[in-house]
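**Student:** Predicted model and sequence below, questions to follow.
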Amino acid sequence: MVIKVLGPGCANCKTLERRTQEAVSALQVEASIEKVTDLYGIVAYGVMRTPALVIDENLVSEGRVPTVDHIKVLIQASRTMGAAR
């Protein structure tokens, strides 16, 4: 699983990255977490508001910082969708 945190490096982006790491650790899933700070890289996902979260190339959150529990739900949903493919 590849998880990307999109944003210029603001406080909210850092919070989203930290919470994402907490969610991955709590779920004990194997995932790499990447930061995308390049404006063109962010826009390539169609993101208009940061921070944003991308899981396995699917945009799952934009313009807010979800809680750790909500990020866990997003990760689990992405794992389920990946298994269905």
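**Tutor:** It's in.
**Student:** mind listing the helices for the chain?
**Tutor:** Assigned by DSSP state H, the chain shows helices spanning 11-27, 39-43, 68-84.
**Student:** nearest to residue 3, of the ones you listed?
**Tutor:** Evaluated with CB to CB, the helices of the chain place helix 11-27 nearest to residue 3, the distance being 5.9 Å. C-beta: built from backbone N, CA, C; applies to glycine.
**Student:** and the closest one, C-alpha only, in CSV?
**Tutor:** Below are the C-alpha coordinates for helix 11-27, written out as CSV (Å, rounded to 0.1, in the frame of the first residue of the first chain):
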residue,chain,number,x,y,z
ALA,A,11,1.1,22.7,9.9
ASN,A,12,-2.0,20.8,8.7
CYS,A,13,0.0,18.8,6.2
LYS,A,14,2.4,17.8,9.0
THR,A,15,-0.5,16.9,11.3
LEU,A,16,-2.0,14.7,8.5
GLU,A,17,1.3,12.9,8.0
ARG,A,18,1.6,12.3,11.7
ARG,A,19,-1.9,11.0,12.0
THR,A,20,-1.5,8.8,9.0
GLN,A,21,1.6,7.2,10.5
GLU,A,22,-0.3,6.6,13.7
ALA,A,23,-3.2,5.0,11.8
VAL,A,24,-0.8,2.7,9.8
SER,A,25,1.0,1.7,13.0
ALA,A,26,-2.3,1.0,14.9
LEU,A,27,-3.6,-1.1,12.0
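**Student:** mean pLDDT lowest for which of the helices of the chain?
**Tutor:** The weakest mean pLDDT among these belongs to helix 68-84, with a mean of 85.
**Student:** Go through it and flag the buried ones.
**Tutor:** The neighbour-count check on helix 68-84 (16 or more other CB atoms under 10 Å) flags 70, 71, 72, 74, 75, 78, 79 as buried.
**Student:** List the contacts of the most centrally placed residue in the chain.
**Tutor:** Of all residues in the chain, the one closest to the mean position by CA atoms, centre = their mean is residue 53, 2.8 Å from it. Residue 53 makes contacts with 3-6, 16, 20, 59-62, 66, 71, 74, as judged by CB atoms under 8 Å, 6 or more residues apart in numbering.
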